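Visitor: Fold the following for me, if possible:
(one chain, ligands or ions: 1)
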Amino acid sequence: MATTNTPARVIVTFPLPEQGQRLLENYACKHDWELIQWRDSEINMTRGQFLDQVNRGADGILCKMTIRIDEDVLARAGDRLKVVSTMTVGCDHIDCCSLKARNVPLGHTPGVLTDATADLAVALTLAVCRRLGEAMQAVCNGEWGAWNPTWLLGTEIRGKTLGVLGLGRIGLATAKRLRAFGVSRLIYHSTKEKPEAAQVDGEFVTLEQLLRESDILCICCSLNASTRHMIGYTQLCAMKPTAILVNVARGDVIVQDDLERALREGKIAAAGLDVTTPEPLPPSHPLANMKNCIVLPHIGSATVETRNAMSVLAVENLLAGLQGRKMPAEYV
Ligand SMILES: O=CC(=O)O
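Guide: Just a heads-up that it's a prediction; the model follows:
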């Protein structure tokens, strides 16, 4: 256990966006932290490098989703560890039960990334509906010939049934935005019926109904034991052959090989993925090379404003945890 005179040893597994980095350095200086920070933004800190640092002692850990914080990490950190703060809203890379059992508070970054992620969900939905990936490639490949009234025809959002899997903050913000495009009906499936669904005139339905009736299905749920691999081949076959699937949640909500098969066999029309398994997805992966699939490199929250806000919140969570105060955003 660190005594009050021992400087807190803080491990930060990546360089933070500007505002968070400045705040981190200010706090480190003010509170005399021993700051151990991975400074390379091109290459991730490896698990081995991280464990090596944890072995030397950790009062606080600030991480992202590339390193799993599990029982092994917590056992190595021992009683000295006072806080884990992740610069993500999703906490599926963290063994939350073990943290709870050890009474280590966990901070995350909800709220501040909702708008950016919902914007990206809309962008991806439009990109898939209007075949933007194919269109851009056609320009680069010299396939842009005479104006052809039947070339690269997409589908409209107006008049469609929008399904949302997971009507949390991001699901609701996505639904609000897509409502403005004139969807005729909005259905959702979540752990339970949500009163806030009234804001989008959303109708709570079973998963089976959601799959069967959605023209566009946006996956916005968190990844946990009940959502992992929730969408497999059977579920995909239950969808309309004209349906479009968009995933801004986590790759593992879908059985990815099943999605590839369903897209190949025309069980659904097209997909847009901001999340995959693994990340990064190898460029040779079939999903990265299918005409009816657009893959983005997990950029849901990637705006200057949002990444700065996330980094500041993550640092504030870290400081609060180290000081034994209530965090601005504790994961419950
Ligand atoms: O996916 C990103 C996050 O969870 O913040």
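Visitor: can I see the domain layout of the chain?
Guide: Following automatic domain parsing, one gets these domains for the chain: 9-110+305-323, 114-295.
Visitor: Let's verify D252: helix, strand, or coil?
Guide: Three-state assignment for D252 (DSSP: H, G, I helix; E, B strand; the rest coil): helix.
Visitor: closest to the ligand out of the domains of the chain?
Guide: Closest to the ligand of the domains of the chain, according to Cβ to the nearest ligand atom: domain 9-110+305-323, at 3.2 Å. Where C-beta positions appear, they are placed from N, C-alpha and C, glycine not excepted.
Visitor: Relative to the whole chain's centre, how far out is that closest one?
Guide: 18 Å (Cα atoms, centre = their mean, to the nearest Å).
Visitor: one step back: between the domains of the chain, which one is closest to A329.
Guide: Smallest distance to A329 across the domains of the chain (Cβ to Cβ): 5.8 Å, for domain 9-110+305-323.
Visitor: Show the pLDDT at N5.
Guide: Among the per-residue scores, N5 holds a pLDDT of 70.
Visitor: and it, how many residues sit next to it?
Guide: The tally of other residues near N5 (other Cβ atoms under 10 Å) stands at 6.
Visitor: so which helix or strand takes in it?
Guide: Assigned by DSSP states H and E, N5 falls within no helix or strand.
Visitor: distance of the residue in the stretch 151-300 of the chain positioned nearest to the ligand from P241?
Guide: Nearest residue of the stretch 151-300 of the chain to the ligand, counting by Cβ to the nearest ligand atom: G300, 5.7 Å away. G300 is 28 Å from P241, where distance means Cβ to Cβ, to the nearest Å.
Visitor: Let's have the domains of the chain in JSON lines, adding mean neighbour count, distance to the ligand and mean pLDDT.
Guide: Below are the domains of the chain laid out as JSON lines (neighbours: other Cβ atoms under 10 Å; distance: least, Cβ to the nearest ligand atom, whole Å; pLDDT from 0 to 100):
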{"stretch": "domain 9-110+305-323", "mean neighbour count": "19", "distance to the ligand": "3", "mean pLDDT": "98"}
{"stretch": "domain 114-295", "mean neighbour count": "18", "distance to the ligand": "7", "mean pLDDT": "98"}
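Visitor: still on that earlier bit, was I right about the residue of the stretch 151-300 of the chain closest to the ligand contacting L113?
Guide: Yes: using Cβ atoms under 8 Å, G300 is in contact with L113, at 7.2 Å.
Visitor: if I pick the residue positioned nearest the centre of the chain, what's in contact with it?
Guide: Nearest to the mean C-alpha position of the chain, by Cα atoms, centre = their mean, lies A249 at 4.7 Å. Going by Cβ atoms under 8 Å, 6 or more residues apart in numbering, A249 touches G90, L165, G166, I219, C220, C221, S222, L223, T227, V275.
Visitor: and it, what element?
Guide: Here A249, judged by DSSP H and E, is contained in no helix and no strand.
Visitor: With Y188 instead?
Guide: strand 185-189.
Visitor: following the helix or strand hosting Q53, which helix or strand comes up?
Guide: Element membership of Q53, judged by DSSP H and E, is helix 47-55. Per DSSP H and E, the first helix or strand lying C-terminal to helix 47-55 is strand 60-63.
Visitor: Find the nearest non-adjacent residue to E316, please.
Guide: Distances taken as Cβ to Cβ, 6 or more residues apart in numbering place P328 nearest to E316, at 5.0 Å, with adjacent residues excluded.
Visitor: what does L207 give?
Guide: Nearest residue to L207, sequence neighbours excluded (Cβ to Cβ, 6+ apart): H189, at 5.0 Å.
Visitor: List the residues that contact the one you found.
Guide: By Cβ under 8 Å, 6+ apart, the contact list for H189 reads G163, V164, L165, G166, F204, V205, T206, L207, Q209, L210.
Visitor: So which residues of this protein form helices?
Guide: Taking DSSP state H, the helices of the chain run over residues 18-30, 47-55, 71-77, 96-101, 114-129, 132-140, 169-179, 207-213, 233-237, 256-264, 304-322.
Visitor: now the longest one and helix 18-30, what's the angle there?
Guide: So that's helix 304-322. Computed by axes from the mean of the first three to the mean of the last three Cα atoms, to 10 degrees, the angle separating helix 304-322 from helix 18-30 equals 30 degrees.
Visitor: Determine how far helix 304-322 lies from the middle of the whole chain.
Guide: Distance, centroid of helix 304-322 to centroid of chain: 17 Å (Cα atoms, centre = their mean).
Visitor: tell me which strands and helices that helix is in contact with?
Guide: helix 18-30, strand 60-63, strand 83-86, strand 106-107, helix 114-129 (3 or more Cβ pairs under 8 Å, 6 or more residues apart in numbering; DSSP states H and E).
Visitor: Select, out of those, the one closest to P195.
Guide: Closest of the helices and strands packed on helix 304-322 to P195 is helix 114-129, at 17.8 Å (criterion: Cβ to Cβ).
Visitor: Where does the stretch 101-250 of the chain get nearest to the ligand, residue-wise?
Guide: Residue nearest to the ligand within the stretch 101-250 of the chain: L113 (5.7 Å; Cβ to the nearest ligand atom).
Visitor: residues near the closest residue to that residue other than its chain neighbours, how many?
Guide: Closest residue to L113 apart from its sequence neighbours, by Cβ to Cβ, 6+ apart: S301 at 3.8 Å. A count of nearby residues for S301, using other Cβ under 10 Å, gives 25.
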